[in-house]
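# fold the stuff below for me.
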Amino acid sequence: MTDTSLPTPRPLALWRWIDKAVLAMIAIPLVLAVADPAQVGPTIGFAAGALAHTAPFIVFAVLAVGYLKATGSEALLARAFEGRTARMIVLAALLGGLSPFCSCEVIPFIAALLAVGAPLAAVMAFWLSSPLMDPAMFLITAGTLGAPFAVAKTGAAISIGLLGGFATHALSQSALFSDPLRPRGGGCSSSGCGCGDKPAFSGRPAWQFWHEAERRQTFRTAVVENALFLGKWLALAYMIEALMLHYVPAEAVASILGGEGLRPVLLGAVIGGPAYLNGYAAVPLVDSLLQQGMSPGAAMSFVIAGGVSCIPAAVAVWALVKPRVFAAYIGYAVVGSVLAGLAWGAFA
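Prediction:
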């Protein structure tokens with residue numbers, strides 16, 4: 001008799017098939033249910049609330065990408081960036097340093113920019129500078145840490161954006177930044193999918209795309225795929241943020257970053273990334289650390305590195321680009337924060 005039963009999937013094939021982000025989102029509450037049951041509800045609630053707060057940004061991004069793909073205007077957008085990369089890097093760094101987005105909120109906009117073919121160098125400049133400063137944060141920082149510190153942090157945000165943007169531009173033809181985006185299902189290599197197996201529409205854009213069934217389908221596909229992609233990674237990022245805020249006490253971070261000289265500046269850059277603090281919560285902590293003897297340079301490197309490379313933002317960045325580009329992003333953050341800390345320490 002012939003065995004008609006289906007073959008059992010091999011563990012490796014099954015592991016490749018499983019969505020890692022969804023798996024992690026399921027695993028975190030399960031582990032908490034065993035290790036710390038009281039924290040399950042707050043962790044899920046924090047992630048849900050943060051995701052709801054970010055929802056308008058996600059909605060705007062996915063609708064924008066869907067519209068661009070359905071109308072066939074993404075080719076025009078890509079051509080608008082050709083030959084103007086240096087100018088775009090400067091504008092991206094300047095605008096990023098003033099935009100009111102935190103590390104995670106900027107991810108949908110970065111996904112949209114990458115999806116329509118914006119130069120990686122300009123995107124990198126905006127990506128690095130955007131989470132570090134905005135008008136409200138400037139006022140809070142100036143009121144607590146002084147206007148000079150706020151101005152210096154703003155300058156550092158723009159400078160790191162310029163550093164990352166022009167370095168990426170200079171190495172754009174190297175193996176490091178060639179084909180930077182992670183592949184998506186169906187052979188799509190853009191960060192915001194919806195392209196399926198077909199190329200983008202060519203010719204004149206059809207701004208009223210809803211008159212054509214094929215373009216309406218393109219719009220629906222792009223919106224659904226981008227919403228699921230961004231939603232799952234941001235949800236995971238916010239769950240990790242909740243865990244960091246609960247299980248990593250600020251006092252422990254403070255004790256490690258105390259002292260004077262070059263060492264605390266370096267430690268501030270290294271520890272500031274994984275020890276997540278949003279820009280507003282970091283201000284009173286840094287004020288307290290400075291009063292306890294923390295060096296000004298360490299304070300600057302801590303807030304810069306923490307804003308750019310904190311774990312919640314890094315998880316989402318990891319989802320968009322390949323590991324080598326992610327490593328460059330982290331490298332820019334560390335180098336930039338150390339330079340900013342040394343410069344501010346010498347000035348202060």
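# only C-alpha atoms for contact and neighbour calcs from this point on.
Fine.
# show me where pLDDT drops low in the stretch 201-348 of the chain?
Residue ranges of the stretch 201-348 of the chain with pLDDT under 70: 201-204, 248-260, 273-281, 284-285, 288, 292-293, 310-313, 316.
# can you do 90?
Flagging of the stretch 201-348 of the chain using pLDDT under 90 yields the residue ranges 201-299, 302-303, 305-323, 325-326, 330, 333, 345-348.
# in it, which spans are helices?
With helices called from DSSP state H, counting those that start in this stretch, the stretch 201-348 of the chain shows them at 213-247, 250-257, 262-272, 279-291, 296-309, 311-320, 323-347.
# tell me the most buried of these?
helix 296-309 (a mean of 30; mean count of other C-alpha atoms under 10 Å).
# export stretch 297-309 to PDB, keeping only CA atoms.
Extracted C-alpha coordinates of stretch 297-309, given in PDB (Å, rounded to 0.1, in the frame of the first residue of the first chain):
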ATOM      1  CA  GLY A 297      30.400  64.700  28.000                       C
ATOM      2  CA  ALA A 298      29.000  61.400  29.300                       C
ATOM      3  CA  ALA A 299      25.600  63.000  29.600                       C
ATOM      4  CA  MET A 300      25.700  64.100  26.000                       C
ATOM      5  CA  SER A 301      26.900  60.800  24.600                       C
ATOM      6  CA  PHE A 302      24.300  59.000  26.600                       C
ATOM      7  CA  VAL A 303      21.300  61.000  25.300                       C
ATOM      8  CA  ILE A 304      22.600  60.900  21.700                       C
ATOM      9  CA  ALA A 305      23.300  57.200  21.600                       C
ATOM     10  CA  GLY A 306      20.100  56.400  23.500                       C
ATOM     11  CA  GLY A 307      18.000  58.400  21.100                       C
ATOM     12  CA  VAL A 308      19.400  56.900  17.900                       C
ATOM     13  CA  SER A 309      20.200  53.300  18.700                       C
END
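# off-centre distance for that stretch?
Stretch 297-309 sits 16 Å away from the centroid of its parent chain (C-alpha atoms, centre = their mean, to the nearest Å).
# hang on, the earlier thing: which of the helices of the stretch 201-348 of the chain sits closest to Pro148?
helix 323-347 (9.7 Å; C-alpha to C-alpha).
# now the closest one and helix 296-309, what's the angle there?
160 degrees (axes from the mean of the first three to the mean of the last three C-alpha atoms, to 10 degrees).
# just to revisit the earlier point, using a markdown table, lay out the helices of the stretch 201-348 of the chain together with distance to Pro131.
Shown next, in a markdown table, are these (distance: least, C-alpha to C-alpha, whole Å):
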| stretch | distance to Pro131 |
| --- | --- |
| helix 213-247 | 15 |
| helix 250-257 | 21 |
| helix 262-272 | 14 |
| helix 279-291 | 8 |
| helix 296-309 | 6 |
| helix 311-320 | 9 |
| helix 323-347 | 12 |
